[in-house]
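Visitor: take this sequence and fold it.
(chains A and B, ligands or ions: 2)
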Amino acid sequence: MNTAVNILSLGIPFSVALLIASLGEMFNQRSGVFNLGCEGIMAMGAFLGMLVPYSVGHGGPTAEIYNVLGLLLAMGVGALFGTLFGLVVVTFRAPEGIAGIGLQMFGVGVAGTLFRHFIGGTQSVIGIDRTPIPLLSAIPIIGPIFFSHNVVVYLAFLFVPLSWYILFKTPWGLRVRAVGTNPRAADSIGINVNRVRYQALAVGGALAGLAGAYLSLCQAKMFSDGIIAGRGFIAVALVYFGHWHPVKIMGGALLFSLAQSLQLAIQGQGIAFPYEFAVMLPYVLVIVVLAFSRESQLLGPSALGKPFNREKRI
Amino acid sequence: MHKITSLRMEHITKRFPGTLACDDITLSVGEGEILALVGENGAGKTTLMNILMGLYQSDEGRILINGEEVRFKSPNDAFSAGLGMVHQQYMLVSNMTVTENIALGYKAAWSALKLDLAKVRARIVEISDKYGLAVDPDAYIWQLSVGEQQRVELVKTLCLGARFLILDEPTSALTPQETDELIVLLKRMKRELSIIFISHKLQEVKNLCDNLLILRHGAVVYEGKTADHSMADIAALMTGHEVELPVNEEEACSGAVVLDIRDLDVKSDRGFLALDGFNLAVRCGEIVGLAGVSGNGQRELAEAINGLRRVERGQILFYGEDLANKSPHHIIDSGMGYIPEERNTEGIVPSFSLKENLILKDTEREEFSNHHFLKNKAIEENATELRVKFDIRSPNTSVAAGSLSGGNIQKVILAREISRKPKFLLAVYPIRGLDLGAAEFIHKQLLEKRREGVGILLISEELDEILDLSDRVAVIFKGKIQQILDRKDANRRKLGILMAGVGDDQAL
Ligand SMILES: Nc1ncnc2c1ncn2[C@@H]1O[C@H](COP(=O)(O)OP(=O)(O)OP(=O)(O)O)[C@@H](O)[C@H]1O
Ligand SMILES: [Mg+2]
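Guide: Numbers count the residues shown, from 1 in each chain, chains lettered A, B, ... in the order given. Ligands and ions are numbered 1, 2, ... in the order given. Okay, the predicted model is just below:
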């Protein structure tokens, strides 16, 4: 019983970086652009997020402000790189896969280099601590699982209905979906296809940056070179898995991270289960689930990965 | 917002790589006027209108509205000037509902935090009531037949409040009755706005339009009053020769049944039975016309026959073999020829070249490949020959098929399907969007195939086409055969009544 609660209450914060990043990637893809550079933006976000509180020093009453500044900086730079990615793939129509891999390598490299230059070695920060919600967190079982996390966790799960609302209930969301499915139709009705794609990429980048900063500020409370550990790519996969829908994407993120915390529990219990298999478990799960989930052509952004050129008929 | 009392395009020239699409075209439309823009496939009509809407930039020339020069950098500029266009290739987002599609352009329903879909819906209901254009605001576009989509396009343009309408072949997918209604509607609207009307159906042009502008190879070849000319004159001006649509006058055939459809049940995308105990037999050397208002199961029938849709129950016997739920590959190999309704998504691969599209179904045949290597020379020769024979207008055989004009894409499909020597042809709206000259040619080809003993199932809404070509006419209604008539017993009135779902005994 206790173990189960532990697995669940660990799994939820584990899912947050994935959840935020894949919601961002969902906006990218809904607009018709996939950004494989997510991982790179997350790495930069992770570094920048902890840079601010680290350089200002530890503790003190103002610590919270610097944490928030760190998160905002990570988001800002993420948005900037999302936009730059737009310049490459939307304006110059470079192949998105290649450009994304470039951005990934760039981001991971830059974050690592700057880290060695400004911080070096393993240095931890206090980071953002848990804020159990009064009363609710005292409920047995449910309390520790759902209501004893840090602010960003709560925020991330608020993003789910929020991004659903934005995508399906606002004019901007409507435009994003239109340019991702039939840019020609959107163009013919007066929507600036490229502008909407830039906007979606900026949003996606900001969320990827935030996801990275979450890892360094809330989860690991430090930065290290492999801190993102492929989560950016998993996030991209989760968007397909979740059929570009926020709720299903959340399901995917939870599934993956629960598998991960299950793996930790297995190891922690000292159960005789091959360690390598346990580590593989979450990844195998993603592959299996992706293989068996039927990608719905009807719902997805059918212009995904195709640059728009008004005067070209095809 | 003031009225558009005059619109002029002067000396418009537009070049695409290898094509001079518009060649020094000048046109003008006055207040409350309807101008017909006609011309063969690929004459440049759509291109010209795209320039007017700000979708394309012309290389030369200018546009004047109410005497003042305007520059449209994007469709938004054209909308603000009061222009609206129904595009030939529908501009609808398939995974959105009708309401959402219209909301995309209906800025009155936008606020930063909320999209007021109720407002859009109210507007749709208002417009569709006012003009008698029935649409289901909550249907997804992918669920709609081509005819229904065309109605949505019209409603969309009207909802957005255009004061100058451009209609690029708006009737190509409407039923005869809907077309008549649209013509009446447009005549009424003429009091409030001016219209440019593009169509290959000269009857409509004669009925509706005041003035006429004929394009050929991108240039104006005639300009004048519609009333001054007969349809035959216009057709001759358009194509450069006399046009006469052929008629099937031969003896009905008594050959063996080659396609025998028995008790077929097929579901539509929306999950209900689109075909419900459907029965039909076609003999070799016979053309059976399947008349019906689109959306009564025609699309599902065509897809089921070609292995593109699951058959729930029943048989499709083709030369004795049951094709139900067989793979498309198998069905193609057994000799089925198919001219699909959705020419862009099903008929061609738009990004492939013209010549590649022409051998799409024969990549494994020895004629075009050799130990899994393509024989480029044979492919090129095949394309060169078919391009001439079918009069496909394109700069060469290597251009992407998707860059051709709508009618020419249709000719590519026809050329491929007919030249592969099929044992049977399923033709779905084969002349939709074709100019008269091309329609004449296609009809001759179909009759020729019939004479060679090929069985043909012709699905169409064009009663003239059905009556001209068919040996027998079957009427489909709500997924069932309403009745089958011999050619001599069929006429427009009878078919019209049957298509509306009224039984024989009730009406006659
Ligand atoms: N975006 C484009 N790129 C290249 N060529 C084009 C493009 N648009 C049109 N063309 C070419 O310009 C010519 C005119 O095409 P257009 O679509 O205007 O013809 P149309 O008169 O509308 O014909 P249809 O009756 O078949 O619709 C054609 O030869 C076509 O191949
Ligand atoms: Mg056209």
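Visitor: for B:Asp24, give me phi and psi.
Guide: Backbone geometry at B:Asp24, expressed as degrees, to the nearest 10, gives phi 60, psi 60.
Visitor: which bits of chain B sit near chain A?
Guide: Taking C-beta under 8 Å from any C-beta of the partner chain as the contact definition, chain B meets chain A at B:16, B:53, B:55-56, B:74-76, B:79, B:85, B:87, B:90-96, B:100-101, B:103-105, B:109-115, B:140, B:142, B:156, B:160, B:350-351, B:400, B:402-403. (C-beta placed from N, C-alpha, C; glycine too.)
Visitor: mind listing which of these are in helices?
Guide: B:75-76, B:79, B:100-101, B:103, B:156 (DSSP state H).
Visitor: dump those residues to CSV, plus neighbour count.
Guide: Formatted as CSV, those follow (neighbours: other C-beta atoms under 10 Å in any protein chain shown):
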residue, neighbour count
B:Pro75, 25
B:Asn76, 17
B:Phe79, 21
B:Glu100, 21
B:Asn101, 31
B:Ala103, 29
B:Lys156, 26
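Visitor: keep only these that also lie close to ligand 1.
Guide: Applying C-beta under 6 Å from any ligand atom to these, one finds that nothing falls near ligand 1.
Visitor: tell me which of those residues is nearest to B:Ile379?
Guide: Ranked by distance to B:Ile379 (C-beta to C-beta), these are led by B:Pro75 at 38.7 Å.
Visitor: quick one: that closest one and B:Leu52 touch, right?
Guide: No: B:Pro75 lies out of contact with B:Leu52 (C-beta atoms under 8 Å); the separation is 10.2 Å.
Visitor: what's the overlap in contacts for the two?
Guide: Counting by C-beta atoms under 8 Å, 6 or more residues apart in numbering or on different chains, no residue touches both B:Pro75 and B:Leu52.
Visitor: do the helix ranked longest in chain A and chain B meet at all?
Guide: Counting residues, the longest helix found in chain A (DSSP H) is helix A:2-30. No: using C-beta under 8 Å from any C-beta, helix A:2-30 stays clear of chain B, with a minimum separation of 10.6 Å.
Visitor: so which bits of that helix are buried?
Guide: Neighbour-count burial for helix A:2-30, counted by 16 or more other C-beta atoms under 10 Å in any protein chain shown, picks out A:6-30.
Visitor: before we move on, back to that, buried subset of the residues of chain B next to chain A as a ChimeraX selection?
Guide: What follows is the ChimeraX syntax selecting those of the residues of chain B next to chain A that are buried according to 16+ other C-beta under 10 Å:
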select /B:16,53,55,56,74,75,76,79,85,87,90,91,92,93,94,95,96,100,101,103,104,105,109,110,115,140,142,156,160,350,400,402,403
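Visitor: the stretch 201-314 of chain A: helices as residue ranges?
Guide: A:231-241, A:246-268, A:275-292 (DSSP state H, counting those that start in this stretch).
Visitor: okay, domains of chain B per the record?
Guide: Domains of chain B are assigned by automatic domain parsing as B:6-239, B:256-335+B:423-508, B:343-421.
Visitor: can you give me the neighbour number for B:Phe164?
Guide: Using other C-beta atoms under 10 Å in any protein chain shown, B:Phe164 is surrounded by 21 other residues.
Visitor: do you know how far it is from B:Val155?
Guide: 17 Å (C-beta to C-beta, to the nearest Å).
Visitor: check B:Arg451 too.
Guide: 44 Å.
Visitor: check which element follows the helix or strand hosting B:Asp468 along the chain.
Guide: Taking DSSP states H and E as the definition, one finds B:Asp468 inside helix B:463-469. Where DSSP H and E defines the elements, the next helix or strand beyond helix B:463-469 is strand B:472-477.
Visitor: what strands line up against that following strand, and which way round?
Guide: The strands beside strand B:472-477 in its sheet (DSSP bridges) come out as strand B:287-291 (parallel), strand B:480-486 (antiparallel).
Visitor: which residues touch the longest one?
Guide: By that I understand strand B:480-486. By C-beta under 8 Å, 6+ apart, strand B:480-486 touches B:252, B:275-280, B:292, B:471-476, B:494-495, B:498-499, B:501, B:503-504.
Visitor: out of those, which are inside helices?
Guide: Per DSSP H, these map to helices at B:494-495, B:498-499, B:504.
Visitor: buried only: go through the residues you listed for me.
Guide: Using 16+ other C-beta under 10 Å, the buried ones in the ones in helices among the contacts of strand B:480-486 are B:494-495, B:498-499.
Visitor: dump these to a markdown table, plus distance to B:Ile63.
Guide: Converted to a markdown table, these look like this (distance: C-beta to C-beta, whole Å):
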| residue | distance to B:Ile63 |
| --- | --- |
| B:Lys494 | 48 |
| B:Leu495 | 44 |
| B:Leu498 | 48 |
| B:Met499 | 43 |
